[in-house]
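K.L.:
Mind looking at a prediction? Sequence and model below.
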Amino acid sequence: MSEFIKIEQQDGVLVVRIDRPSKKNALTLDMYDAITAAFERLSVESELRVMLLTGVEDSFTSGNDIMDFIQNPPTGENSPVMKFLEAISTAEKPIVVAVNGLAIGVGTTMLLHSDLVYAGKKATFQLPFVNLALVPEAASSLILPKMMGHQKAAELLLLGDKFDAEKAESLGVITRTVADDELFDVAMAAAKNLAAKAPEALRLAKGLMKSKTDNIEERMQEEGVIFQKRLTSPEALEAMTAFMERRKPDFSKFD
Ligand code: COA
């Protein structure tokens with residue numbers, strides 16, 4: 001679909017690599033469509049358990065292709081960028097990201113919808129929307145103030161300066177900073193670790209973390225209903241039997 005999006009499968013991990021280094025991995029409409037198609041595969045193919053997103057050379061992605069913004073501005077819900085944002089924000093299976101370099105615009109906002117985000121020390125982040133006379137996207141105007149408070153979010157979203165991996169980690173935008181030469185291996189190890197876990201339990205746990213219920217009592221009830229059902233689930237039976245038998249659980253037959 002797009003020569004600039006490379007897809008491969010390693011065990012249960014669907015690796016999606018943005019590969020357009022001549023343009024710092026800027027995302028065109030075809031590239032968004034190709035990543036959205038990968039999310040569709042992740043959703044329907046039961047042997048695929050986790051997505052791992054990364055880039056090449058010095059770029060994760062420099063964001064939306066600015067020429068595309070001028071020539072093919074997104075219009076409506078069905079535009080490739082909106083479909084991509086819907087896919088990443090509603091994915092039930094876990095998303096791991098290895099931020100290997102520049103993460104500009106949507107390169108940073110997509111991280112807010114991912115689960116485990118590792119960044120190399122040389123990664124650079126930026127939300128230059130206002131600098132381009134635009135406004136924040138991908139619910140970053142909601143998620144960032146909630147994550148770090150209005151004043152810290154205002155620095156990122158209104159000033160729009162670049163910031164490094166250390167700052168991204170301290171603000172909670174990423175999970176952890178790692179050495180550049182270890183980045184892919186660390187992210188892949190985390191992805192494979194997730195891929196070996198009980199798939200339905202993972203999906204339900206991620207769903208709870210993204211639940212709209214923000215009242216503590218209501219959330220405990222929501223968790224309680226699912227928790228009780230889980231106790232008699234085949235996955236939990238396998239987990240507990242494996243514990244009693246002092247062996248590793250095998251969730252490969254579940255989907
Ligand atoms: N859209 C289209 N082309 C882009 C791009 C983008 N988002 N980001 C980089 N490019 C292109 C440049 O135009 C240049 O193309 P050319 O070689 O044909 O002239 C090439 O990628 C290399 O970029 P360059 O600016 O020379 O590299 P740099 O290392 O000096 O700077 C960036 C890299 C990413 C910091 C800088 O290119 C930049 O700020 N890009 C725009 C980022 C942006 O605003 N994204 C949109 C957010 S909503």
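P.N.:
Cool, got the structure. Because the structure is predicted, anything quoted here is derived from the model rather than measured.

K.L.:
Check the burial of Glu137 by counting its neighbours.
P.N.:
Glu137 has 19 neighbouring residues, counting by other Cβ atoms under 10 Å. To be clear about C-beta, it is placed using only N, CA and C from the backbone, and glycine gets the same treatment.

K.L.:
list the contacts for it?
P.N.:
Glu137 makes contacts with Leu85, Gly105, Val106, Thr109, Phe129, as judged by Cβ atoms under 8 Å, 6 or more residues apart in numbering.

K.L.:
ranking those by neighbours, who comes first?
P.N.:
Gly105 (28 neighbours).

K.L.:
Nearest residue to that one in space, please, no chain neighbours.
P.N.:
Nearest residue to Gly105, sequence neighbours excluded (Cβ to Cβ, 6 or more residues apart in numbering): Gly63, at 2.8 Å.

K.L.:
try Pro94
P.N.:
Asp115 (4.6 Å).

K.L.:
Can you read off the backbone torsions of the one you found?
P.N.:
The phi/psi pair for Asp115 (degrees, to the nearest 10) reads phi -100, psi -60.

K.L.:
for Glu182, same thing?
P.N.:
phi -110, psi -10.

K.L.:
now it: how far from the ligand?
P.N.:
In this view, Glu182 and the ligand are 24 Å apart by Cβ to the nearest ligand atom, to the nearest Å.

K.L.:
before we move on, what about Thr36?
P.N.:
18 Å.

K.L.:
likewise Pro74?
P.N.:
Counting by Cβ to the nearest ligand atom - Pro74 and the ligand are separated by 11 Å.

K.L.:
That residue: how many residues sit nearby?
P.N.:
Count around Pro74 with other Cβ under 10 Å applied: 18.

K.L.:
from the chain's centre, how far out does stretch 122-135 sit?
P.N.:
Centre-to-centre, stretch 122-135 and its host chain are 18 Å apart (Cα atoms, centre = their mean, to the nearest Å).

K.L.:
Give me the subset of the contacts of Glu137 that also touch the ligand.
P.N.:
By Cβ under 6 Å from any ligand atom, the members of those lying near the ligand are Gly105, Phe129.

K.L.:
now, which of the contacts of Glu137 sits nearest the ligand?
P.N.:
Nearest to the ligand among the contacts of Glu137, counting by Cβ to the nearest ligand atom, is Gly105 at 2.6 Å.

K.L.:
can you tell me if the strand or helix carrying Leu14 touches the ligand.
P.N.:
Assigning secondary structure by DSSP states H and E places Leu14 in strand 13-18. No - on the criterion Cβ under 6 Å from any ligand atom, strand 13-18 is out of touch with the ligand, staying 11.9 Å away.

K.L.:
Which neighbours in the sheet does that strand have, and how are they oriented?
P.N.:
strand 5-10 (antiparallel), strand 50-54 (parallel) (DSSP bridges).

K.L.:
Please tell me how far that strand is from the chain's geometric centre.
P.N.:
11 Å.

K.L.:
Quick one: mean pLDDT over that strand.
P.N.:
When pLDDT is averaged over strand 13-18, the result is 98.
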